[in-house]
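S.K.: sequence unknown, structure follows:
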């Protein structure tokens, strides 16, 4: 991410924390987060993780969250995080100097606010998701608005070495592989592996 890359808002999907903030600062941009993200960051209790009251961080409250705040009367939550709030009518103006942690539900409002001029998307999830219906819809939306989409792969998955340390520490009676493309490899890496298929019920 470079300060000269694009003249509009930069949107970053599902990435959060120090790395994206550092990248935004290098690009001389401000990080925009929504209320959900602000609450997650607050809940970590880690002062080293970006928070909504940092000068380089601002709160953008999308309409669906604003409606929920009003319906649930969560005004105290909003008050805790509104120090650097960016209101919808200002989003198009601040977009060229911003990085937005983007959710698909932002799309309609970003269009309505005319905040997509010069925008670009950095996609940091597994690229295989872009071949699924939601990913194809995102690509079509981006292409329809002339927004370049660049994949910058990051992984939140543990390495085999980390998994070994975890299994050793837990010492389970049985280990069942889930959410993996290579369940057959678990028997080579771990003891007491049981194989079960998706949707299968078994007694423990």
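M.R.: Thanks, I have the structure now. Since the model is a prediction, treat every value here as computed from it, not as a measurement.

S.K.: what's around residue 59, how many residues?
M.R.: A total of 22 residues lie near residue 59 under the criterion other Cβ atoms under 10 Å. Using the backbone N, CA and C atoms, a C-beta is placed for each residue, glycine as well.

S.K.: that's a strand at it, yeah?
M.R.: Yes: counting by DSSP: H, G, I helix; E, B strand; the rest coil, residue 59 falls inside a strand.

S.K.: List the contacts of it.
M.R.: 32, 33, 34, 35, 38, 52, 81, 82, 83, 84, 85, 86 (Cβ atoms under 8 Å, 6 or more residues apart in numbering).

S.K.: Farthest-apart pair in those, please.
M.R.: Farthest apart among these by Cβ to Cβ are 34 and 83. That separation is 14.8 Å.

S.K.: re earlier: now, among the contacts of residue 59, which is nearest to residue 63?
M.R.: Of those, the one sitting nearest to residue 63 (Cβ to Cβ) turns out to be residue 34, at 10.7 Å.

S.K.: since we're on the closest one, how many residues are nearby?
M.R.: 22.

S.K.: Mind pulling the model confidence for it?
M.R.: With respect to pLDDT, residue 34 scores 95.

S.K.: which residues does it contact?
M.R.: 59, 60, 61, 62, 65, 101, 103.

S.K.: Just among those residues, which is most surrounded?
M.R.: residue 60 (24 neighbours).

S.K.: what's the helix or strand for the residue nearest to that one when sequence neighbours are not counted?
M.R.: Distances taken as Cβ to Cβ, 6 or more residues apart in numbering put residue 32 closest to residue 60, at 4.5 Å, once the chain neighbours are dropped. Assessed by DSSP states H and E, residue 32 sits inside strand 30-33.

S.K.: Distance from the chain centre to stretch 183-202, please.
M.R.: 30 Å (Cα atoms, centre = their mean, to the nearest Å).

S.K.: contacting residues around that stretch?
M.R.: Contacts of stretch 183-202 (Cβ under 8 Å, 6+ apart): 160, 163, 164, 167, 172, 173, 174, 175, 176, 177, 180.

S.K.: for stretch 42-51, same thing?
M.R.: Contacts for stretch 42-51 (Cβ under 8 Å, 6+ apart): 17, 18, 21, 31, 33, 38, 41, 52, 56, 57, 80, 81.

S.K.: Output those in JSON lines, with distance to residue 119 appended to each entry.
M.R.: Shown next, in JSON lines, are the contacts of stretch 42-51 (distance: Cβ to Cβ, whole Å):
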{"residue": "17", "distance to residue 119": "22"}
{"residue": "18", "distance to residue 119": "24"}
{"residue": "21", "distance to residue 119": "19"}
{"residue": "31", "distance to residue 119": "15"}
{"residue": "33", "distance to residue 119": "17"}
{"residue": "38", "distance to residue 119": "22"}
{"residue": "41", "distance to residue 119": "24"}
{"residue": "52", "distance to residue 119": "23"}
{"residue": "56", "distance to residue 119": "20"}
{"residue": "57", "distance to residue 119": "20"}
{"residue": "80", "distance to residue 119": "29"}
{"residue": "81", "distance to residue 119": "24"}
